[in-house]
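In: Got a predicted structure here, sequence first:
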Amino acid sequence: MTKKGGIMTKTNLDIKWLKDAEDHDYPAAKSYLSLIYDESSIKSHIKKLKRASISEFKAKDIFRASGLSLLGVSNSHVQKDQKKIESGIALSPLLLIRDPVHGKVVIADGYHRLCAIYSFDEDAVIYCKIV
């Protein structure tokens with residue numbers, strides 16, 4: 001591990017990824033999206049996410065596009081995902097929605113995973129499904 005701009009980074013971070021989102025990720029995304037969109041939009045987004053192929057983006061770019069703040073490493077969900085990364089457990093890809101009206105990317109599922117990865121390396125490549 002090395003220190004980079006106050007953040008501990010792991011050189012050659014080898015993040016393992018699942019080939020698709022886990023089944024429970026879609027209901028979690030739906031729950032979050034229900035705070036933002038109407039029911040028909042949510043159904044459409046979830047259907048498209050399930051069919052979407054995997055894309056790759058750097059952690060720092062997803063944060064910039066989302067406009068969200070980084071959660072602290074003391075967050076229990078972030079810590080859980082950091083342990084998965086360190087143990088070589090495969091992570092589920094993030095589920096992202098492009099919101100052209102607001103010029104942002106909505107992280108429908110995977111915010112804690114993103115924060116955990118960023119805590120190691122802001123340049124790490126993140127697997128995503130984006131629509």
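Out: Cool, the structure landed. Bear in mind the structure is a predicted one, so any value in this text is a computation, not a measurement. Numbering: from 1, shown residues only.

In: ranges for the strands of the protein?
Out: 2-4, 7-9, 54-58, 94-99, 104-109, 125-130 (DSSP state E).

In: and the second one, what's its mean pLDDT?
Out: What strand 7-9 shows for mean pLDDT is 45.

In: what does the fifth one give?
Out: The average pLDDT for strand 104-109 rounds to 98.

In: What of the third one?
Out: Confidence for strand 54-58, expressed as mean pLDDT, is 97.

In: tell me which residues of it are tucked away?
Out: Using 16 or more other Cβ atoms under 10 Å as the test for burial, strand 54-58 gives 57, 58. C-betas here are computed from N, CA, C, even on glycine.

In: now do stretch 34-54
Out: Buried, per 16+ other Cβ under 10 Å, within stretch 34-54: 37, 42, 45, 46, 49, 52.

In: and which of the residues you listed is nearest residue 103?
Out: Nearest to residue 103 among the buried residues of stretch 34-54: residue 37, at 16.1 Å, using Cβ to Cβ.

In: Next one: the residue nearest to that closest one when sequence neighbours are not counted from residue 88, what distance?
Out: Nearest residue to residue 37 in three dimensions, chain neighbours excluded: residue 45, at 7.0 Å (Cβ to Cβ, 6 or more residues apart in numbering). Residue 45 sits 31 Å away from residue 88, going by Cβ to Cβ, to the nearest Å.

In: rewinding a little: among the strands of the chain, single out whichever gets nearest to residue 69.
Out: Closest approach to residue 69 among those is made by strand 104-109 (11.8 Å; Cβ to Cβ).

In: Show me what the closest one is packed against.
Out: helix 25-33, helix 59-66, strand 94-99 (3 or more Cβ pairs under 8 Å, 6 or more residues apart in numbering; DSSP states H and E).

In: outside of the shortest one, which residues touch it?
Out: The set of residues that contact strand 94-99 without belonging to it, under Cβ atoms under 8 Å, 6 or more residues apart in numbering, is 21, 25-26, 29, 33, 45, 49, 62, 105-110, 113-114, 126-131.
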